[in-house]
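>>> Give the three-dimensional model of this entry:
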Amino acid sequence: MYEKYMICTRDFRNVARDGKVAGFQVKIRINYYRGCYLSMVDTVRLVVDGEEFPSDKMTFTAGGRSYTFTELAAATEARWFFGEPATLTVSKPGGLQPGMHTVQLGLFVRNSYIPRLDPDDLYNFTGMRRSDGSTHYGEPPVPLPLTATKRMSLVQ
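Okay, here's the model as predicted:
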């Protein structure tokens with residue numbers, strides 16, 4: 001339902017470090033009406049013009065602080081509020097060319113009130129089976145679906 005609001009069209013731009021373009025940024029919103037603690041942001045999948053960027057090449061910024069995706073798991077005090085844009089900064093030497101780009105996003109956020117494990121297979125949710133055949137409710141499907149797509153212009 002909130003997928004059409006997940007990718008913000010404003011502030012899509014290249015970023016520079018030491019005078020050289022080192023990557024780009026895109027702002028995103030959470031697709032969950034309650035917001036969450038940052039430690040509950042499990043998986044982000046970002047594809048721009050068909051090129052997928054792994055999370056180890058990204059940082060996640062919310063509330064004025066940047067985190068690697070490894071650090072997010074320990075960010076149990078910081079929150080990402082509904083409607084508040086977070087920034088994905090992607091390391092890509094040279095950045096993106098100015099002009100129109102297709103940006104796709106998949107986001108998996110664990111919900112605090114739903115159990116993570118389902119050893120008795122009580123919940124049969126499509127796409128939630130792991131490669132070993134076991135069911136783990138709350139685990140992201142592999143590969144994570146790209147649920148939001150926007151065509152937008154990169155600002156230089």
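
>>> List the neighbouring strands of the lowest-mean-pLDDT helix or strand in the chain plus their orientation.
Scoring the helices and strands of the chain by mean pLDDT, DSSP states H and E places strand 36-37 at the bottom, with a mean of 89. Each strand paired with strand 36-37, and its direction, by DSSP bridges: strand 79-80 (antiparallel).

>>> Can you name the next helix or strand after the partner strand?
Where DSSP states H and E defines the elements, the next helix or strand beyond strand 79-80 is strand 86-91.

>>> That next one: what's the following helix or strand?
Heading C-terminal from strand 86-91, the first helix or strand you meet, by DSSP H and E, is strand 99-109.

>>> So which bits of that following strand are buried?
For strand 99-109, the neighbour count (16 or more other C-beta atoms under 10 Å) marks 101, 103-109 as buried. C-betas here are computed from N, CA, C, even on glycine.

>>> same question, stretch 88-97
88-92, 95-96.

>>> So what would you say the end-to-end distance of that stretch is?
Taking C-alpha to C-alpha, to the nearest Å, stretch 88-97 runs 18 Å from one end to the other.

>>> do stretch 12-23 as well
One end of stretch 12-23 to the other measures 11 Å (C-alpha to C-alpha).

>>> where exactly do the strands run in the protein?
Residue ranges of the strands in the chain, as given by DSSP state E, are 13-17, 20-28, 36-37, 41-48, 51-53, 58-62, 65-67, 79-80, 86-91, 99-109, 148-154.
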